[in-house]
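> Please find the sequence and the predicted model below.
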Amino acid sequence: MEADSVNWDTIMELLPVGEGDDYEERVKEMFELFNVNDQKGLTVFEIENGVVDMTQTGDMFDSEKAINDSFSHASRLKWEKEKSMMDKLDYTQFKLFLRILRMTYNFYEAFNYVDSDGEHVITRDTFCEEATK
């Protein structure tokens, strides 16, 4: 993944975080925008298309792995689901998904900062050296 040219500040602004009415309103708006089929839940494809369209990251880097991993973790929030919701996230799971995705993007940003030589490998020594700066 080539994410070193990504403007992470812009992406982070688009992903809601926090609590309160403004946060809930932004998450609900995103859920409704991504929910193109008017179902109770969102599929990974609807979420991926929505996130890529919203953040405009399609040409910059492939966010599919981050989205799929975040979706997978968030889908484990409820163990007992209706059969029709097995491959979808409901609103509560979607909120968790957004938090996980935001954390994942934070890791991407930190990794690209530490991986200044572009090898996409960080040795333990390099990692510990950067942590002490």
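It's in.
> check contacts around I47.
Residues in contact with I47 (CB atoms under 8 Å, 6 or more residues apart in numbering) are F34, I67, F71, L89, F94, F97. In short, each C-beta sits where N, CA and C put it, glycine included.
> hmm, 10 Å instead?
Contact analysis of I47 by CB atoms under 10 Å, 6 or more residues apart in numbering lists 30-31, 34-35, 67-68, 70-71, 74, 88-89, 94, 97-98, 101.
> ok, of those, which come out buried?
For the contacts of I47, a burial check counting by 16 or more other CB atoms under 10 Å picks out 30-31, 34-35, 67, 70-71, 74, 88-89, 94, 97-98, 101.
> quick check, nearest of those residues to M12?
For the buried ones among the contacts of I47, the residue nearest M12 by CB to CB is L101; the value is 10.5 Å.
> Who are the packing partners of the lengthiest helix in the chain?
With residue count as the measure and DSSP state H as the assignment, the chain has helix 91-114 as its longest helix. Helix 91-114 makes packing contacts with helix 8-14, helix 21-34, strand 42-43, helix 44-55, helix 64-75, strand 88-89, helix 124-131 when contacts are defined by 3 or more CB pairs under 10 Å, 6 or more residues apart in numbering; DSSP states H and E.
> give me that answer again for 6 Å
Judged by 3 or more CB pairs under 6 Å, 6 or more residues apart in numbering; DSSP states H and E, the packing partners of helix 91-114 are helix 21-34, helix 64-75.
> That concludes my questions; thank you for your assistance.
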